[in-house]
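K.L.:
Turn this into a model:
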Amino acid sequence: MQYTLSSRRTVVGTGLHSGALVRMALLPGAADTGLVFRRVDCAPGSNEIRVCPENWVEAQLCTQLRNAHGVRVSTVEHLLAALHGCGVHNAVIELDGPEVPILDGSAAPFVAHILAAGLRMQQAPLQVYRVCQTVEVERDGAVARLSPADTLEIAFEISFDEAAIGHQSQAMRMSNGTFLRELSDCRTFCRRADVEFMQSRGLALGGTLDNAVVFDQGRVLSPGGLRRPDEPVRHKMLDVMGDLYVLGRPIIGRYEGARAGHALTGLLLRKLLATPGALELTPCSHATRARMPGVGITQRDLPLSA
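P.N.:
Model (predicted):
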């Protein structure tokens, strides 16, 4: 069965974009509509952006979607990760600006609002994408790969010259509440110089030391330090959860990334869809449903830092 939100309207939070306050709210979606962003600051009739590979556009440092009218929404990855991890299949996301609020830089605040709103079962069968053959993309030494598996698995490896990060690797099965417990509170990370670069591009203009882990010459500048010793690689896995949900429905397979980012994962999805026989749209069986990311989750699955 498919799931949507129980509450009529859940106000999630606000963030800054180009000095203006952007407000966002989550609404239930009808069965089989998937996930839709609605830019309430744009003209009706052209302001809806469906979450699907056709609307994905390659962008630096974030995941961005654009509809046929040229209306965009950026930095969608943490919210999509939360919806994916909570098992929400249909929802409308209203916002009055071009960028999803960053909040604390993780998916945990979004997860908390989703759990508070509650989920409602819809009387419609769920179809999922199943990876049937291995597909890989590579760019500048970075690699992203999807291969067959019996549930969603994510493995990631990073290596940074920054001494406070270094080399990190992690792999997990995203069954049931693993995403909430192990990844949802892991924040985006960057160097102080990265913050300045993003803001020069009009991104993360509300960014502070309270909504990202900022590194500078071997030091963690953010108050309280790291939430987990390997928080950076876990955040990269969180990003993958969001980027994979650009497909618009759950995916069953194993993702492996090495130094990969949002753009490479998006290109991987496009190659997957373009490769004959690599992806199958199939009804979700009872056995598959039992291993889905959002099955059986409760407030207790949220980390204490959320």
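
K.L.:
What about residue 224, how many residues nearby?
P.N.:
10 (other CB atoms under 10 Å). Where you see a C-beta, it was placed from the backbone N, CA and C, and this is true even at glycine.

K.L.:
Assign it to helix, strand or coil.
P.N.:
Here residue 224 is coil, with the state taken from DSSP: H, G, I helix; E, B strand; the rest coil.

K.L.:
quick one: it and residue 185, what's the gap?
P.N.:
With distances taken as CB to CB, to the nearest Å, residue 224 is found 12 Å from residue 185.

K.L.:
Which pLDDT value belongs to the spatially most central residue of the chain?
P.N.:
By CA atoms, centre = their mean, the chain has its centre lying nearest to residue 242, at 1.9 Å. What the model reports as pLDDT for residue 242 is 98.

K.L.:
now it, what's its secondary structure?
P.N.:
Reduced to three states by three-state DSSP, residue 242 is helix.

K.L.:
Find the helix or strand that residue 61 is a member of.
P.N.:
Taking DSSP states H and E as the definition, one finds residue 61 inside no helix or strand.

K.L.:
Let me know whether it touches residue 262 as I believe.
P.N.:
Yes. The pair residue 61 and residue 262 passes the contact test of CB atoms under 8 Å, sitting 7.3 Å apart.

K.L.:
Compare the two (neighbour count), which wins?
P.N.:
Shown here are residue 61 and residue 262; by other CB under 10 Å, residue 262 has more neighbours (23 against 18).

K.L.:
Okay, that one and residue 250: tell me how far apart.
P.N.:
Computed with CB to CB, the distance linking residue 262 and residue 250 is 19 Å.

K.L.:
just residue 170 next, same as before
P.N.:
As judged by CB to CB, residue 170 and residue 250 stand 21 Å apart.

K.L.:
Which one of these two is surrounded by more residues?
P.N.:
A side-by-side neighbour count of residue 170 and residue 250, using other CB under 10 Å, places residue 250 first with 23 against 18.

K.L.:
Please consider this matter closed, and thank you.
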